[in-house]
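Trainee: what follows is a predicted structure for the sequence shown.
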Amino acid sequence: MFRSVWFSYASLQDFGGDMTCPTCGPEPKVVIFDGITLAFGKKHLTSTLKPPTLLDTDSGQTALLDPALRKLIRLVITGRSLVLKDGDRATGEEDSENDDSEVEERSSRRSTKAKMAKLMLERLDAIPKVAQQLRSVDIHLGALFERYCGVGPILSKVPVPKPIISLFRELSAEESIIQLIPCPSLSPLQSFNSAPSWDRLQNLKCIPALYNALRLDWATQPNGQFSEVTLSVSRWLENRAEIVLNSLIRHQIDPLPKHTFTTAGNNDWMKTGCLYSMPQVRTRPQYPNLKHDQNSEASGRRGAKCSKHYSQYGERRLTGGIMVCWCSHSVSYGFHCIPKSEGRNDVFSAIYTRWKTAPDWIVYDFACASAPYCMTREADFFKNTRQGIDDCHSNGHSKCSPACFIKTYADLDPRLAKVNTSAGECGNNGLNRIRKPVSYMKQDRAIIYIRTFIAVWNRLKIRRMSEAPH
């Protein structure tokens, strides 16, 4: 009896504007999306549930088009330095009277050293091939590789500088070049390439890999100038990013409809399981030219690409949980229930259907996958948006380039370093308190219970913010 009365009472509440942070405003510029397995039983799932996703791929978008070349570059630059120290050349071991365990240990060490020596030879053999193939792409790109990673520096015992390793790691990544050089970064890059100078270089901190490589070039060149080789690589990167971006912008954003799809005080969210502080301004389009657009996320590995977003979460008997949008102050801007499993489509659809203008930053565990997903579908809408992975979720992204991580940019931008990108994880830790009871509820009660918890959470957060000394 008490449960029935409580849920009836909660369903009548007018929660008001509790999904807006007083600091971030109605449309925050930095949003944090995080899925959580706050799920109810699949047997209670009804047809009224309507997430914003209702209704792959990114080939040709990498910096270097040849996958074999990208793999060879990663082979050369990954692992220990190819510049051997004097102690590394000694492979023999003194024989002495030892027990069997020490003999086995020596044998194991010899085997490990043999494997390492074989790998080192493979990496050395790949250097001329990489240089030749890079020259066929751009002569200055090959020259830059030979200058720092070629056989000459190795024979001279000059290790490859870290900025150069980082740059070629980005160029050989299995990711779109738009991840490295998004639309907002093109303007400062064009400005620098038109008139290279130390002052204009400071505006390239939004492209950390290129910025650090150019800083190294400035420091090693006489008279404080940039070398023509490095500048030509910078121009090549600009041209390549422009080509990919222009190829993605195939259609304009649908104009905003004159009416809104939801109105304040509407209780449809109790049935649809979808509630955001912003009203719906457009529908989620269909993309007939993308044959896998409406397919669920496939499981399994993807070769050289990151496979973390294919992990299975939750239990088979439960739904996919909820996707929650947070600001950097841990205030929730809304949520929607996920019928099956979390995917890139959840973030894309929530932003595209609610935001009139895309945010500056989207922080998401699977940003490495959601960024190209969004750009493939609505490049004009998302062209000024950057997506990144926060520190809390960086584990498991071993195949992702540094351009995917917020920390790469925060190290050079103090303003971004001050943003609490882990605010979503703090909020989800709070939601974990109701995971158990929600798993036993029917759909309608689960939605009301989640909404009530978020309302209380937000009000407490907003109250603490107002009471905090300024």
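Mentor: Nice, I can see it.
Trainee: only C-alpha atoms for contact and neighbour calcs from this point on.
Mentor: Will do.
Trainee: which ones are touching residue 322?
Mentor: Going by C-alpha atoms under 8 Å, 6 or more residues apart in numbering, residue 322 touches 35, 36, 37, 38, 39, 335, 336, 337, 338.
Trainee: grab the nearest non-local neighbour of the first one.
Mentor: This points to residue 35. Of all residues not flanking residue 35 in the chain, residue 323 sits nearest, at 4.4 Å (C-alpha to C-alpha, 6 or more residues apart in numbering).
Trainee: give me the neighbour count for that neighbour.
Mentor: Neighbour count for residue 323, taken as other C-alpha atoms under 10 Å: 24.
Trainee: what is the mean pLDDT for the top helix by length along the chain?
Mentor: Assignment by DSSP state H gives helix 100-137 as the longest helix of the chain. For helix 100-137, mean pLDDT is 83.
Trainee: ok now that helix, how far from the chain's centre?
Mentor: Put simply, helix 100-137 sits 32 Å off its chain's centre (C-alpha atoms, centre = their mean, to the nearest Å).
Trainee: which is the next helix or strand following it?
Mentor: Using DSSP states H and E, the helix or strand that directly follows helix 100-137 along the chain is helix 139-149.
Trainee: so which bits of the helix or strand following that next one are buried?
Mentor: Sequence order places helix 151-155 as the next helix or strand after helix 139-149, per DSSP H and E. Counting neighbours by 16 or more other C-alpha atoms under 10 Å, one finds that the buried residues in helix 151-155 are 151, 153, 154.
Trainee: off-centre distance for stretch 171-188?
Mentor: How far stretch 171-188 lies from its chain's middle: 12 Å, per C-alpha atoms, centre = their mean.
Trainee: how about residue 69: what's its closest non-neighbour residue?
Mentor: residue 130 (6.6 Å).
Trainee: from what I can see that neighbour touches residue 72, true?
Mentor: Yes. Residue 130 is within contact range of residue 72, at 6.5 Å (criterion: C-alpha atoms under 8 Å).
Trainee: quick check: mean pLDDT of the helix or strand where residue 369 lies?
Mentor: Take DSSP H and E as the rule and residue 369 turns out to sit in helix 367-377. In this model, helix 367-377 carries a mean pLDDT of 88.
Trainee: can you name every helix or strand that that helix contacts?
Mentor: Helix 367-377 is packed against helix 177-180, helix 228-248, helix 344-354, strand 386-388, with contacts defined by 3 or more C-alpha pairs under 8 Å, 6 or more residues apart in numbering; DSSP states H and E.
Trainee: winner for burial among these?
Mentor: Comparing the helices and strands packed on helix 367-377 by mean neighbour count (mean count of other C-alpha atoms under 10 Å), strand 386-388 ranks first with a mean of 27.
Trainee: show me what it is packed up against.
Mentor: Judged by 3+ C-alpha pairs under 8 Å, 6+ apart, the packing partners of strand 386-388 are strand 361-364, helix 367-377.
Trainee: tell me the strands beside it, with direction?
Mentor: Applying DSSP bridges to the sheet, strand 386-388 is found paired with strand 361-364 (parallel).
Trainee: separation between the closest residue to residue 458 other than its chain neighbours and residue 354?
Mentor: Closest residue in space to residue 458, ignoring its immediate chain neighbours: residue 331 at 5.4 Å, by C-alpha to C-alpha, 6+ apart. Going from residue 331 to residue 354 by C-alpha to C-alpha, to the nearest Å gives 17 Å.
Trainee: quick one: the residue most central in space within the chain from residue 44, how far?
Mentor: Ranked by distance to the mean C-alpha position of the chain (C-alpha atoms, centre = their mean), the top residue is residue 367 at 2.5 Å. Applying C-alpha to C-alpha, the value for residue 367 to residue 44 is 31 Å.
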